[in-house]
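[1] Here is a sequence with its predicted model. Questions after.
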Amino acid sequence: MKNLRKLWSLALLLTATMFMVSCDEDEPTIEVDEDGLSVADGIYLISAGQDPLATMQMTSEQVEADGFGAQERSGFVTGYFHLSGGDYNIVQTVDRAVAATIGGAIETINYGTDEEPKTYQVVTDATDGGDPFTIEEGFYKISHDELTGEIVIFKINSVGLIGAATPNGGNDDTPLTGSVDEEGGSWTGSDILLRAGWYKFRFNGTWNIDRRIDPDGGLTSDNGYLMFTNFGGAIDDLEPGNVGGNFEMTAENEGVFDIEVAFSIENGFAFSQERTGDAPEITFDPAEYQFGVIGSANANGFDADRNMHYVGLNEGVHKWVGVVYFGETSVDDQGRRFKLRTNDDWTFNLGGVLPADGSEATLAVNGADIEAPAEGAYYITLSTADEGGTWISTMSATGWGVIGEGSPSASWEEDVDMATDGFVEGVTTYTLTGEFTGEYKFRAGDSWDFNLGGDPAALTAGGDNLSVDATESYTVTLTFDGENYTATIE
């Protein structure tokens, strides 16, 4: 009997030993020896109460700088993680020991609208000894900022391409389809047409998460930060946000592509594209439709056009925009009326009824003269979704504005309207007086479709940011002769 008991005990011991070995293989843990944790000094995301894992380390990342640049931020770290859900903390390790366990109360921020919410979570008062915070299952970008003492928890729900090269242009994402788990993830798209131009990929249709203390303030370290939620750089060397430039598609390489954004714990994000076919031949050439506005209440009367700007192709829609000033009276005694035409010629022109309230109207080829609105500057759009079969136009009472963190609005999200001083000898003038502190641009119709920068003596659409050297009150003047824009600042 004693021998049987000894054999039974030995069998139980062997079984327990095998079970322990099996658990170790399925759920690896960090080795802890008498010298401490075997992870490098740093910041880690952990499941509450657990040891830090090397795969959960957070690393330094740059944040947005003025002029769409990037800058270092002391104590700002991020990481991408697939989480199974539960309670978490952030820990700091020093000399192979946990020096701080950081947590606090979590709240949800909606940076979208009530109709189309976009959310992230934040622990705004993250302190050593703070309570664990609860995160649901998903794939996240998580950051810890030492200067503000906060943790941002950004759940990645979608990945998409954006830019002039993509089917939806720079205003909306071309979505990729995929999923992610604890091993990694992949988001793909097939037969995506890429034309010449810039492009990037981003998360949740968002360029960044704005954590500035004063949303209208600058991007100095004492006013918080903007965390990047997009990638660019080189296709084989990705960089977050503005750290690298955009991807570029050349005219020679235009085509149809299979695209993949991949993520792995070991290597982070990777981007690949495989050309599978030629780009379809363009049958409608917007270069043959150089639209302008011409009329008796405009600066040049019926003698010359006021040129519009071609925005580009977005979701199959070609679009032109422009700002036109209409005088109180006719300059040529022909009544207050106007039309849209192409190439400074009457061969192709559009007319009809166009309200000044921003509502869409269909214009007709060779249609009747359009009645001019009340005196003032107006933002006019024109588009076609069927390569010239139908022409849709809008007109609204918004003209030119100034925007930028160095402008009187102190923001790249909101502009300040310029006053219209009318026209003299074919030149329309717009002015704004206010405090300027740095970089700014001109923007038409409260939209980025048409913005001006670069050389003030010869402004260009989409040009580089303008700037002032000293913080002062300035008067900025924008002039338009029907073809060219120039600016002065005094």
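    Cool, got the structure.

[2] Pop out the phi and psi values for D222.
    D222 adopts backbone torsions of phi -80, psi 0, taken as degrees, to the nearest 10.

[3] what about it, neighbour count?
    Here the number of neighbours of D222 (other CB atoms under 10 Å) works out to 10. Where C-beta positions appear, they are placed from N, C-alpha and C, glycine not excepted.

[4] Show me what counts as buried in the helix or strand hosting K141.
    Secondary-structure assignment from DSSP states H and E places K141 in strand 138-145. Residues of strand 138-145 classed as buried: 139-145 (neighbour count, 16 or more other CB atoms under 10 Å).

[5] At which residues are the strands of the stretch 251-400 of the chain located?
    Counting by DSSP state E, counting those that start in this stretch, one finds strands in the stretch 251-400 of the chain at the ranges 255-264, 268-278, 291-295, 306-307, 309-314, 317-326, 337-342, 345-351, 361-365, 370-371, 376-384, 391-396, 400-404.

[6] Including mean neighbour count, distance to T119 and mean pLDDT, could those go into JSON lines?
    Putting the strands of the stretch 251-400 of the chain into JSON lines (neighbours: other CB atoms under 10 Å; distance: least, CB to CB, whole Å; pLDDT from 0 to 100) gives the following:
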{"stretch": "strand 255-264", "mean neighbour count": "18", "distance to T119": "21", "mean pLDDT": "98"}
{"stretch": "strand 268-278", "mean neighbour count": "14", "distance to T119": "22", "mean pLDDT": "98"}
{"stretch": "strand 291-295", "mean neighbour count": "24", "distance to T119": "41", "mean pLDDT": "96"}
{"stretch": "strand 306-307", "mean neighbour count": "22", "distance to T119": "43", "mean pLDDT": "96"}
{"stretch": "strand 309-314", "mean neighbour count": "19", "distance to T119": "27", "mean pLDDT": "90"}
{"stretch": "strand 317-326", "mean neighbour count": "23", "distance to T119": "30", "mean pLDDT": "96"}
{"stretch": "strand 337-342", "mean neighbour count": "21", "distance to T119": "42", "mean pLDDT": "96"}
{"stretch": "strand 345-351", "mean neighbour count": "15", "distance to T119": "43", "mean pLDDT": "96"}
{"stretch": "strand 361-365", "mean neighbour count": "14", "distance to T119": "37", "mean pLDDT": "95"}
{"stretch": "strand 370-371", "mean neighbour count": "19", "distance to T119": "44", "mean pLDDT": "96"}
{"stretch": "strand 376-384", "mean neighbour count": "21", "distance to T119": "32", "mean pLDDT": "97"}
{"stretch": "strand 391-396", "mean neighbour count": "20", "distance to T119": "31", "mean pLDDT": "97"}
{"stretch": "strand 400-404", "mean neighbour count": "25", "distance to T119": "26", "mean pLDDT": "96"}
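
[7] got JSON lines for those strands, with distance to R73 too?
    What follows is the strands of the stretch 251-400 of the chain, written out as JSON lines (distance: least, CB to CB, whole Å):
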{"stretch": "strand 255-264", "distance to R73": "24"}
{"stretch": "strand 268-278", "distance to R73": "20"}
{"stretch": "strand 291-295", "distance to R73": "45"}
{"stretch": "strand 306-307", "distance to R73": "43"}
{"stretch": "strand 309-314", "distance to R73": "34"}
{"stretch": "strand 317-326", "distance to R73": "37"}
{"stretch": "strand 337-342", "distance to R73": "49"}
{"stretch": "strand 345-351", "distance to R73": "51"}
{"stretch": "strand 361-365", "distance to R73": "49"}
{"stretch": "strand 370-371", "distance to R73": "52"}
{"stretch": "strand 376-384", "distance to R73": "38"}
{"stretch": "strand 391-396", "distance to R73": "40"}
{"stretch": "strand 400-404", "distance to R73": "21"}
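
[8] where does stretch 107-126 sit relative to the chain's centre, distance-wise?
    Once both centres are worked out by CA atoms, centre = their mean, to the nearest Å, stretch 107-126 turns out to sit 17 Å from its chain's centre.

[9] follow-up on the earlier one: tilt between the strand holding K141 and strand 255-264?
    Using axes from the mean of the first three to the mean of the last three CA atoms, to 10 degrees, one finds that strand 138-145 and strand 255-264 are set 70 degrees apart in direction.

[10] Next secondary structure element downstream of strand 138-145?
    strand 150-155.

[11] Mind listing residues that contact that next one?
    Contact with strand 150-155 is made by 90, 102, 104, 106, 120-126, 133, 135-136, 138-145, 203-204, 209, 211, 227, 229, as judged by CB atoms under 8 Å, 6 or more residues apart in numbering.

[12] Tell me the strands beside it, with direction?
    Strands flanking strand 150-155 in the sheet, each with its direction: strand 119-123 (antiparallel), strand 138-145 (antiparallel) (DSSP bridges).

[13] neighbours of T55, just the number please.
    For T55, the count of nearby residues is 14 (other CB under 10 Å).
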